[in-house]
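In: have a look at this fold, sequence not included:
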């Protein structure tokens, strides 16, 4: 179903910004892999990969919505499958939920590293981090399968299936509210509240010489960066969850939801393009490495291998790794 030109332009802008912004993060963290070698930074790069893919999928689906691909369809199994996967926005929700649960993994990893640093060093491994990355994708694509049952081909068009019982529609919206919103909110909120409480307790019980080790600049910067990313998740996902809740319980009736749903879905997509902006403005280590990379490749004073720039402070090691020992106070 075609959407308004203004909404289409908005969606295209979001998709392009997600591709460009996350592409930049992936490029910087890949080229400077040694400087971003901690578990947290590996998860941040994975977050950008997911959001990059989400931007591509969103642009593709926006183009399909503006085309006549889902009109004048023949009633057969092949077209019914296409209808269910495209009109339900299966891939959009699958990738976005994968992004959400990767953000949950980041918050839990920071919680474990800050509150239980010894356990973090002993039990957290690269293999387990990779397993958690795969789990985020599995959760996303498994979760979105339920939306495939909401649409079908009717009178040559792909449309919402009115034959679904009301109790099934309520179940679907309740399921999405739980998986997309409630569970991530609980885990992210718990993680950062515990981090703040533990850091506050350590600061209260540390003398003046120990306080810098408890809350070093690098550690504080990473926590604030990911806390902002978590807050942006709440802002971007709350409107569509409230709208779905109202629609499923029939609190809101009697108006066309196509434009409203398109707008709040676009706001959800904003979440995939906002993280690179957060990194550029708040994550000092990323900003420093981006600055050094730009100077070495495009600046007049190129930095030779083995030399350091006098203008920009060098962070040859990941500051998250450097402060890991100080977390065990």
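Out: It's in. Every value quoted in this text rests on a predicted model; they were computed, and no experiment measured them. Numbers count the residues shown, from 1 in each chain.
In: any idea what sits nearest residue 89, other than its immediate chain neighbours?
Out: residue 61 (6.2 Å; C-beta to C-beta, 6 or more residues apart in numbering). The C-beta positions use only the backbone N, C-alpha and C, and glycine is treated the same way.
In: so what's the backbone phi/psi at that neighbour?
Out: Main-chain torsions, residue 61, degrees, to the nearest 10: phi -70, psi -30.
In: neighbours of it, how many?
Out: Close neighbours of residue 61, defined as other C-beta atoms under 10 Å, add up to 18.
In: that one against residue 91, yeah?
Out: Yes: if you go by C-beta atoms under 8 Å, residue 61 and residue 91 touch, sitting 7.2 Å apart.
In: burial count for residue 32?
Out: Around residue 32 there are 21 residues (other C-beta under 10 Å).
In: contacting residues for it?
Out: 289, 293 (C-beta atoms under 8 Å, 6 or more residues apart in numbering).
In: distance check, it against residue 240.
Out: 36 Å (C-beta to C-beta, to the nearest Å).
In: do the same with residue 101
Out: 17 Å.
In: which of those two has more neighbours?
Out: residue 101 (24 against 21).
In: surely that one touches residue 140?
Out: Yes: at 6.8 Å, residue 101 counts as touching residue 140 under the criterion of C-beta under 8 Å.
In: pLDDT weak spots in the stretch 51-200 of the chain?
Out: 68-73, 75, 156, 159, 161-165 (pLDDT under 70).
In: cutoff 80 now
Out: 64-80, 83, 87, 151-170, 199-200 (pLDDT under 80).
In: can you give me the strands in it?
Out: Assigned by DSSP state E, counting those that start in this stretch, the strands in the stretch 51-200 of the chain fall at 151-154, 157-160.
In: can you redo the ones you listed as TSV with distance to residue 245 and mean neighbour count?
Out: Below are the strands of the stretch 51-200 of the chain laid out as TSV (distance: least, C-beta to C-beta, whole Å; neighbours: other C-beta atoms under 10 Å):
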stretch	distance to residue 245	mean neighbour count
strand 151-154	20	20
strand 157-160	18	16
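In: of these, which is nearest residue 54?
Out: When these are compared by C-beta to C-beta, strand 151-154 sits nearest residue 54, at 20.8 Å.
In: what number of residues lie near residue 177?
Out: 17.
In: repeat for the one 3 residues further on
Out: For residue 180, the count of nearby residues is 23 (other C-beta under 10 Å).
In: what's the closest non-adjacent residue to it?
Out: Of all residues not flanking residue 180 in the chain, residue 97 sits nearest, at 6.0 Å (C-beta to C-beta, 6+ apart).
In: isn't the one you found right up against residue 143?
Out: Yes: in this structure, residue 97 is within contact of residue 143 by C-beta under 8 Å, at 5.3 Å.
In: mutual contacts of these two, please.
Out: Listed contacts common to residue 97 and residue 143 are 179, 180; contacts here mean C-beta under 8 Å, 6+ apart.
In: who's more crowded, the two?
Out: residue 97 (23 against 20).
In: reformat the strands of the stretch 51-200 of the chain as JSON lines; add distance to residue 21.
Out: Shown next, in JSON lines, are the strands of the stretch 51-200 of the chain (distance: least, C-beta to C-beta, whole Å):
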{"stretch": "strand 151-154", "distance to residue 21": "31"}
{"stretch": "strand 157-160", "distance to residue 21": "32"}
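In: can you tell me which of those strands is nearest to residue 7?
Out: strand 157-160 (18.9 Å).
In: just checking, what packs against that closest one?
Out: Secondary-structure packing of strand 157-160 (3 or more C-beta pairs under 8 Å, 6 or more residues apart in numbering; DSSP states H and E): helix 77-87, strand 151-154.
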